[in-house]
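**Student:** have a look; sequence and predicted model below, questions after that.
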Amino acid sequence: ESGKILAGFRGDRPRLLAGSRELQPASESPPRRVAELDQWLQAVRGGKPSSASFENVRRLCETIHTGNIALRINRKLEWDADRRRFSNSEEANKLLRRGRYRPGWDVFG
């Protein structure tokens, strides 16, 4: 709670900082990353799903989206992950989905 994690733009080379001193990285190195195209090819061939599959990135997108809503509402919000709704703000819940689409741009029409 009192430390920080610093990483590159894509989350590479993460470093854990505790207070004012940098902690040493773990002695084990993480498994080598498989390139995105290779992951996609493996998934298409029936192998392991890509790390960018919808199911894998859903939580990341949810986190970013709820953070953006919190910035717009400008107060602390409580997220109910099971219901996928804010438990303390109907105003914030209204921002979870677009109200009306412009003619010709509706998703399901």
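**Tutor:** Good, I have the coordinates. Numbers count the residues shown, from 1 in each chain.
**Student:** please identify the helix or strand for the residue most central in space within the chain.
**Tutor:** For the chain, the residue sitting closest to the mean C-alpha position, by CA atoms, centre = their mean, is residue 60 at 1.3 Å. Using DSSP states H and E, residue 60 sits in helix 54-73.
**Student:** next SSE downstream of that helix?
**Tutor:** Where DSSP H and E defines the elements, the next helix or strand beyond helix 54-73 is strand 79-80.
**Student:** what about the closest residue to residue 42 other than its chain neighbours, distance to residue 40?
**Tutor:** The shortest distance from residue 42 to any residue other than its chain neighbours is 6.0 Å, reached at residue 48 (CB to CB, 6 or more residues apart in numbering). In short, each C-beta sits where N, CA and C put it, glycine included. Look at residue 48 and residue 40: by CB to CB, to the nearest Å, they are 11 Å apart.
**Student:** looking at these two, which is more packed in?
**Tutor:** When residue 48 is set against residue 40 and neighbours are counted by other CB atoms under 10 Å, the residue ahead is residue 40, at 16 against 10.
**Student:** for whichever strand or helix holds the more buried one, buried residues please.
**Tutor:** According to DSSP H and E, residue 40 maps onto helix 36-44. For helix 36-44, a neighbour-count test (16 or more other CB atoms under 10 Å) marks 39, 40 as buried.
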